[in-house]
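> Okay, here's the prediction I keep looking at, along with the sequence it came from:
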Amino acid sequence: MKSQPLANDPGRDYSMLPNNFDFAMLPTGSHTFSLKEMGMYSSTIEDIDYVITSWLKKDLNLYTITNEGRREIPVLWQVPERSYQIKNKASLRDDNSALKLPLISIERTGIVKDPERKGSFQAHYYSDDRNGRAGRFVIAKKIVQDKTRNFATVANTRNNPSGADQLYYPRKNHKVVIKTISIPIPVYINVEYKIRITTEYQQQMNDLVTPFIARTGQINALSLHRNGHNYEVFIEQNFTHSNNLASLNEETRLFNTEVNIRVLGYLIGEGINDDRPIVRIDENTVEYQFPKESTVPVGNITWFEDDK
């Protein structure tokens, strides 16, 4: 099976791609796979918020039976103010401006930067500027062939006794130009979320809680992805239930369940306040050149005047 090459764009450099992708161990058969180029995006707190909210809305896609029939349950991020809802999301409230149930809300309750909980990158690098900021680590290297070839050609030129230069004389080239791609080191954080489920009937609560328990099988963890980044999600094993059945004479019947979720994520870069690029490309130095020194002729003052 052969993979389809990337689109022929003369403005892009595809020289870093290998000649074949056998190392990827793609499934054999009649399937045709196309490759696409993906840039390096930063990983921010907003990305983690998005990925957990998207999981609730799109992956779980929760439904239940109401007096209006089978209805998709809306998911609200940190329940907005009542005036905003009435103006922009009037469908969430009834004629008396009360929220229509069932309803699911999610809020971020805390962020913990725990040095004991890290991902695959364990070490800490300091910035070369020695200003207390985190450093960078290399994700890819590539030999710059044209520049390396030029240095090799100069180094391998030999002067023959006849006065003619012999090109490409076999010598080992020690001046290899390497292009290095680096990104900031990831900073691992634990992000805590609380999901609140509110219904009018016990059966509705059963319908909405069951996917949180059964979706991940015998474990309480799953992986979510966004922009090439992977985040580990852990669902707490305790589901806290509450209701107001003891005071139905004064209040409307409500059932509540809280689901606590912890996301092991990481930050790459400092967001919009980072004055450094996420991806930086550097080339190593293989040669230093100094200009020749000139000796000032004794008693020749006009030598300085000629340089004005």
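It's in.
> what's around Val154, how many residues?
12 (other CB atoms under 10 Å). The C-beta positions use only the backbone N, C-alpha and C, and glycine is treated the same way.
> where does it land on pLDDT?
With respect to pLDDT, Val154 scores 79.
> what comes up buried for the helix or strand harbouring it?
Element membership for Val154 (DSSP states H and E) is helix 145-155. Judged by neighbour count using 16 or more other CB atoms under 10 Å, the buried positions of helix 145-155 are 147-148, 151-152.
> Among these, which one lies nearest to Gln289?
Nearest to Gln289, judged by CB to CB, of those is Phe151 at 12.2 Å.
> For Asp47, which non-adjacent residue is spatially closest?
In space, and not counting its chain neighbours, Asp47 is closest to Arg226: 5.4 Å by CB to CB, 6 or more residues apart in numbering.
> the longest helix in this structure is where?
For the chain, the longest helix by residue count, based on DSSP state H, is helix 202-214.
> Okay, strands next: where are they in this structure?
Ranges of strands in the chain, per DSSP state E, are 63-66, 69-72, 75-77, 103-112, 136-143, 158-159, 165-166, 178-184, 187-199, 221-226, 229-235, 240-243, 255-267, 280-283.
> out of those, nearest to Tyr50?
Each of the strands of the chain has some distance to Tyr50 by CB to CB; the shortest is strand 221-226, at 6.4 Å.
> Strand 229-235 and the closest one, what's the angle between them?
Angle between the axes of strand 221-226 and strand 229-235 is 150 degrees (criterion: axes from the mean of the first three to the mean of the last three CA atoms, to 10 degrees).
> so what secondary structure elements neighbour strand 221-226?
Helices and strands touching strand 221-226, by 3 or more CB pairs under 8 Å, 6 or more residues apart in numbering; DSSP states H and E, are helix 45-54, strand 229-235.
> May I ask you to confirm that Gly228 is in contact with Asp47?
No - look at Gly228 against Asp47 with CB atoms under 8 Å: they stay out of range, at 10.6 Å.
> Against Tyr41, how distant is the closest residue to Asp114 other than its chain neighbours?
Distances taken as CB to CB, 6+ apart put Asn190 closest to Asp114, at 5.8 Å, once the chain neighbours are dropped. The spacing between Asn190 and Tyr41, counted by CB to CB, to the nearest Å, is 21 Å.
> Val279 too?
Taking CB to CB, one finds Val279 at 10 Å from Tyr41.
> Pro211 now?
Here Pro211 is placed at a distance of 29 Å from Tyr41 (CB to CB).
> and if you look at Leu101?
38 Å.
> What of Gln203?
Distance from Gln203 to Tyr41, counting by CB to CB: 43 Å.
> how about the residue nearest to Asp47, what does it touch?
Neighbouring residues of Arg226 by CB atoms under 8 Å, 6 or more residues apart in numbering: 47, 50-51, 54.
> how about the buried residues of helix 145-155, which pair is most distant?
Lys147 and Ala152 (9.7 Å).
> so where is the stretch 151-300 of the chain shaky, pLDDT-wise?
Filtered on pLDDT under 70, the stretch 151-300 of the chain yields the residue ranges 158-169, 248-250, 295-300.
> Pretty sure Arg280 is one of the things Lys179 touches, is it not?
No - Lys179 lies out of contact with Arg280 (CB under 8 Å); the separation is 11.0 Å.
> Which of those two has more residues huddled nearby?
Ranked by neighbour count (other CB under 10 Å), Lys179 and Arg280 place Lys179 first, with 15 against 12.
> Quick check: bridge partners of the residue nearest to Asp114?
With DSSP bridges as the criterion, Asn190 is bridged to Val112, Leu264.
> Could you report the separation of it from Ile48?
10 Å.
> Overlap of the contact sets of the two?
In contact with both Asn190 and Ile48: 263, 265, using CB under 8 Å, 6+ apart.
> of these two, who's got more company?
Neighbour totals were compared for Asn190 and Ile48, and Ile48 leads with 25 against 16 (other CB under 10 Å).
> Next up, the contacts around the residue nearest to the more buried one when sequence neighbours are not counted.
Once flanking residues are discounted, Ile48 sits nearest to Gly265: 4.5 Å by CB to CB, 6+ apart. Residues counted as contacts of Gly265 (CB under 8 Å, 6+ apart) are 43, 47-48, 188-191, 231-232.
> got the contact list for the residue nearest to Val209 when sequence neighbours are not counted?
Distance criterion CB to CB, 6+ apart; nearest residue to Val209, sequence neighbours excluded, is Thr257 at 5.5 Å. Going by CB under 8 Å, 6+ apart, Thr257 touches 196-197, 205, 208-209, 239-242.
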